[in-house]
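Novice: Compute the structure for the input listed below.
(2 chains)
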Amino acid sequence: MDFKALAGNTDTSRRQFMEGTAKTALGVSMATTYGAVLGSKNVQAQEAAAGGGKAKSLIYIYNSGGMTHLDTFDPKKNNKKVMGDTETISTNVPGIHYGSHLKKLAEHADKIAVINSMSSTNGAHAQARYQMMTGYNQRATIVHPHIGPWCEKYFGKRGDLLPDSVIVNRGTSNSGYLEPALSPLPVANPTAGIANSQIMTSEDRFKQRMEMSLDMGKSFVEKYQHYSSPKGYIEFYDQASRLLSSDELEVFDLSGEKDRQKYGMNNLGQGCLLARRLVEKGVRVIEVHNGGWDMHNGIQDSLSSRLPPFDQAVAALISDLDQRGLLESTMIVVGTDFGRTSRINDRAGRDHQPAVFSTMFAGGGIAGGQKYGKSDADGRRVGDKKVSVEDFHATIGYGLGIDLGYEIYSPAGRPFVFGNHGKPVTGLFG
Amino acid sequence: MKYPPFFLPVAAVLAIGLMIPTVSEARVWTSTDGKKLEAIFESLEGDMIQLKLRNGQSVKFPVSRLIADDLEAAKRFALVGDDAMTMASAKKIDLLLARNLAKSTDIRSFNERLPDDLFVRRIYLDILGRIPTREEFQEFADSAREDKRAILIDELLASPGRASHLFNYFADMYRIKDTGVARELDYSPYSQWWRDSLAANVGYDKMVHQMITAKGNLGHNPAIGFLQRDEGMEFDAFSNFGQVMMGIDISCAQCHDHPFTDWTMEDFYQMAAFFGQTQRSMGSYKGAEGKNVRVGLPGAPEGWLNKFQNYAVKQGGINLEDRNERRQFGWYKTALGLNVVDNKRIDIAIPGQIDELGGQVVSPLTLYGENAKTGGKSRREALSEWMTDPANERFAVNIANRMWERAFGRALVEPVIDFPMDWRKHTGQPEVLEFLGQEMVRTGFDLREFMRILYNTQAYQGISTYDRDVDEGRFYLFQGPVLRRMRAEQAWDSLLTLAYGSKIDEVKGGDGSFMREVLRVDFKKDSMEEVFAKYEAYKKTRNKAQKVLVETASLKAKDPEIPVVDGIKMVRSSNMVQPASAASMLSTFGQSDRMVTDNSNFDGTVPQVLALMNGTVTTRLTGSSSQVVEDLSKFDGPDDMVRGVFFTMLSRYPNENELKKGVDMMETYGEDGIRDLAWALLNTPEFLFIQ
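Specialist: Sure, this is the predicted structure:
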């Protein structure tokens, strides 16, 4: 769809158009609505100052429900008691072993760093997930932003037309205490693309409608100028109009992609494929959600349905990015709510275990072929070099080049830093 | 004593706290021959109305003897009760609010009264959860009665839409989820229990009592869903329990003493111990002496499940070697077996990973107040009595504060899930909240009556505060409601109203009764054959249900009445599978995923905007076969057409400037102009907000 009649063919004319509409709608220019309070950092300066910072993009794959560490990245060889039916396999790095389901990832172990000594204080899904996504514990009084909005606030918006962050396999997103405009774009189904991105009239008529809408909405927005939400909607209409007018929407169309099968024809696989395409377009942070890891019952059945697609998708993503020369600038992270008990319960499942679990890193400056930290002999507690959820986030921030002491303020004036004062595991980086 | 007993509560209520002069006046009823009677409505049975006079006597006479207005009132009161107390209570709230407003240096008084057109939009959205149709507004505008706002409030409160929209609120608060919770059971009987209870206007205290004390499985008693939903995460369940029932978020103390309040871990586990003898499933529990106790299927003869399985294999011919069949059958057995019962042989200990206290069993002790009296009762019964006792002010204040927030867009004391124990110091209107708590008790936790009081206040009927930042100053004083964005459910139900009109109120969804029936098994009396027949019936729908669930915002029950447009079933939010699927428009507009309490989101996003620009409902509204356009094109002249579009989309009159621009558009583009204007108005932020 060529929609440039509305937005203008060049960046300048687009901006003129949008500033025009924003002026009409708000009586103020866009720069004074949010620009002034954004206070974006100088990207180059920050990345240099913080060290690390090779990762220009982040793909955060999230295994929702609590990924068993013993059956994946922290198998206990010869400890039949805790391993159940899962075997231990060798990888392409001598001395590094994975669970038997991760056959494809085992071939990329040289690019992968695993943390085996993750530890969380949250044993309930929602709270654990919240902290793994935001770096902060869930509180009743505030909502913390995910990594995407935080980065956009910190670095400033990178892309012009595409959003800075995208959440795949989730229908909603929010920006926490940051401006609503920083909300990641949710893509509920990676194969369906962005919902409702086809206009139903001619471009001219659409433009006319949009102008009329802004005109008719003016008095309401002006009347309720003390509220941020109506103004926010004007911004979203601005963003949406710009998106519809661009060619960039094609990135969401996976139908012509020749490597589709390689990633697996499921939400995780296609989500990872979409993530790669978005990285190629310069999108900074992509979360790919992947459910079904709460394996309280019959874990072997669950593992045989969840692990092969996971193994396939992540392995495809690593090798694809590597081939395209993007692995060095793209950090892939696999996180989860918590680990699962070494004891196999009465229902042949494993229960929640926040005390120790594993996460995975690759690319973006990560030195592969290593495991950091240890769980104890049965995988029940941290054995060595405990890494907290805050440390985990600080490590991601370090990779992205964020100054971990830099404070961003909530509307109530509370200061927050990326990773909640965690210490980055710098040993993961090359 | 001057007044008969009926008037005592009013007098008592008004005497509390402040000396505010008010008079509660009973309605003056007028007969067709001009006689007048000051009395309270009691009942209307057939043609006979019964009224209570000031002297306490009841009189009964044919209702046809009343003049038209009073006849109308009699019919209305028959549905929602007399309104003398309602109006007295609303007035008292206004007086209490006004007193503190007058003390403020800059606000002084209530906001100006909301114009009729915006009032109708707001009250429809607040009670029915959808915008009014143009016809519905017209009906209101045509009435010359002075009390037409009160009448409309009563009519809406008596209509089925009230329960529909209230369900949306509680579904968010109580995290109502039909699938994807404990053991992947189908919880539709539980969500239906909520729908039915709200429709019958069961007292909120009674609903809470049923949830805390429920026994059996989802078939025996669907209210067990409240406790069952978090099976396997009992202490999280308790944290949520504290948030919704007491307005206390004690979850921090689950793992460490609360950093900002006085709650300790001991407090947490002592109160959680009220559920320490609650058995939620079969399997292994820690016993009273720290030993493991295995518990079987409650209420069933020993070995019943094994016998049932043998029957299913031998007589029923099911093949457990088949993976699917094994899963189906296993699921059914699990669902039968997940019974909530009290079992004195078990006593759940503090989890092992909690440092010093791990493994200990503690005695139940309430977080505050006089401890619940357990003598002779189960712990849950004792807890429920303690909770819903009028002496537990916090319970009444908690739900009153929430209902207030629902009406005004902001609670009297915040946050609602965790308001301070000394809440009187944390609100600008302590007397109001105190009074609301008392009113909650007085009305018997009648939420319909409570809403009726709030919506009849002058404070509520004012325009939303727009002349200042409502976050300015220490506390908001409620000179009027704050501006609110529609809940996701309101947005969806309003779009449906635009597309299909008010008939959407009547469309029924799946009602959970099927699932309830297949699980309602009497293990002692029912024959194996009967139970197996239920399994077979379940198996058939289970396959279908799973398919349907993948569809966007869909239903389990088949209903030929429900229109399906582009694969989306056009039913109200409350009638969908809870919550609607992640890909649905409801989710896009921030419907809660029901993982944590009050998880709805009111922020805007690009996908929301795209849905309004190009989505299915918009296409239908402004496309070539639009009913809206067809109706409007029948109007005489462009002026009326423009007004018609404004009423359809925004429920208000256009101002002069808007009218002129709209007319220009009609004159230039004709019928297409209607579509363009409808599209433009739907896509103004105004559409999504409640002023």
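
Novice: pLDDT weak spots in chain B?
Specialist: B:1-24, B:252, B:255-261, B:353-355, B:510, B:542-569, B:582-583 (pLDDT under 70).

Novice: the longest strand in it is where?
Specialist: strand B:36-45 (DSSP state E).

Novice: Pairing partners for it, with directions?
Specialist: strand B:27-30 (antiparallel), strand B:48-53 (antiparallel) (DSSP bridges).

Novice: most neighbours per residue, which of those?
Specialist: Across the strands paired with strand B:36-45, the average number of neighbours (mean count of other C-beta atoms under 10 Å in any protein chain shown) peaks for strand B:48-53, which reaches a mean of 19. No exception for glycine: its C-beta is placed from N, CA and C like everyone else's.

Novice: gap between the residue nearest to A:Met295 when sequence neighbours are not counted and chain B?
Specialist: The shortest distance from A:Met295 to any residue other than its chain neighbours is 4.3 Å, reached at A:Ser302 (C-beta to C-beta, 6 or more residues apart in numbering or on different chains). Counting by C-beta to the nearest C-beta, to the nearest Å, the gap from A:Ser302 to chain B is 12 Å.

Novice: Kindly report the residues of the stretch 151-300 of chain B close to chain A.
Specialist: Neighbours of chain A within the stretch 151-300 of chain B, by C-beta under 8 Å from any C-beta of the partner chain: B:Arg183, B:Gly232, B:Met233, B:Asp236, B:Gln243, B:Asp249, B:Ser251, B:Cys255, B:His256, B:Gly283, B:Ser284.

Novice: Correct me if wrong: the first one contacts B:Lys333.
Specialist: Okay, so that is B:Arg183. No. With contact defined as C-beta atoms under 8 Å, B:Arg183 does not count as touching B:Lys333 (10.7 Å).

Novice: got the CA coordinates for the longest strand of chain B in PDB?
Specialist: What follows is strand B:36-45, C-alpha atoms only, in PDB (Å, rounded to 0.1, in the frame of the first residue of the first chain):
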ATOM      1  CA  LYS B  36     -52.700  12.200  49.000                       C
ATOM      2  CA  LEU B  37     -50.800   9.700  51.100                       C
ATOM      3  CA  GLU B  38     -47.300  10.000  52.500                       C
ATOM      4  CA  ALA B  39     -45.900   6.500  52.600                       C
ATOM      5  CA  ILE B  40     -43.100   4.100  51.900                       C
ATOM      6  CA  PHE B  41     -43.500   1.500  49.100                       C
ATOM      7  CA  GLU B  42     -43.700  -2.000  50.400                       C
ATOM      8  CA  SER B  43     -44.800  -4.300  47.600                       C
ATOM      9  CA  LEU B  44     -46.700  -4.700  44.400                       C
ATOM     10  CA  GLU B  45     -48.400  -8.100  43.900                       C
END
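
Novice: buried set for that strand?
Specialist: For strand B:36-45, a neighbour-count test (16 or more other C-beta atoms under 10 Å in any protein chain shown) marks B:Leu37, B:Ala39, B:Ile40, B:Phe41, B:Glu42, B:Leu44 as buried.

Novice: what's the closest of those residues to chain A?
Specialist: B:Phe41 (40.7 Å; C-beta to the nearest C-beta).

Novice: Report the contact partners of that closest one.
Specialist: B:Arg27, B:Ile49, B:Leu51, B:Lys52, B:Ala73, B:Ala74, B:Phe77, B:Ala78, B:Gly81, B:Asp82 (C-beta atoms under 8 Å, 6 or more residues apart in numbering or on different chains).

Novice: Likewise for A:Ile61?
Specialist: Counted by C-beta under 8 Å, 6+ apart, A:Ile61 has contacts A:Leu268, A:Cys272, A:Val288, A:Asn290, A:Val314, A:Ile332, A:Val333, A:Val334, A:Gly335.

Novice: Among the residues you listed, which one is most surrounded by other residues?
Specialist: A:Cys272 (32 neighbours; other C-beta atoms under 10 Å in any protein chain shown).

Novice: Looks to me like that residue is in a helix.
Specialist: Yes. Counting by DSSP: H, G, I helix; E, B strand; the rest coil, A:Cys272 falls inside a helix.

Novice: Just the pLDDT at it, thanks.
Specialist: At A:Cys272, the pLDDT value in this model is 98.

Novice: Could you report the neighbour count for B:Ser363?
Specialist: 12.

Novice: likewise the one 4 residues further on?
Specialist: The burial count assigned to B:Leu367 is 16, neighbours taken as other C-beta under 10 Å.

Novice: For it, give its distance to chain A.
Specialist: 16 Å.

Novice: quick one on the thing from earlier: and the residues of the stretch 151-300 of chain B next to chain A, which are buried?
Specialist: Counted by 16+ other C-beta under 10 Å, these give B:Arg183, B:Gly232, B:Met233, B:Asp236, B:Gln243, B:Asp249, B:Ser251, B:Cys255 as buried.
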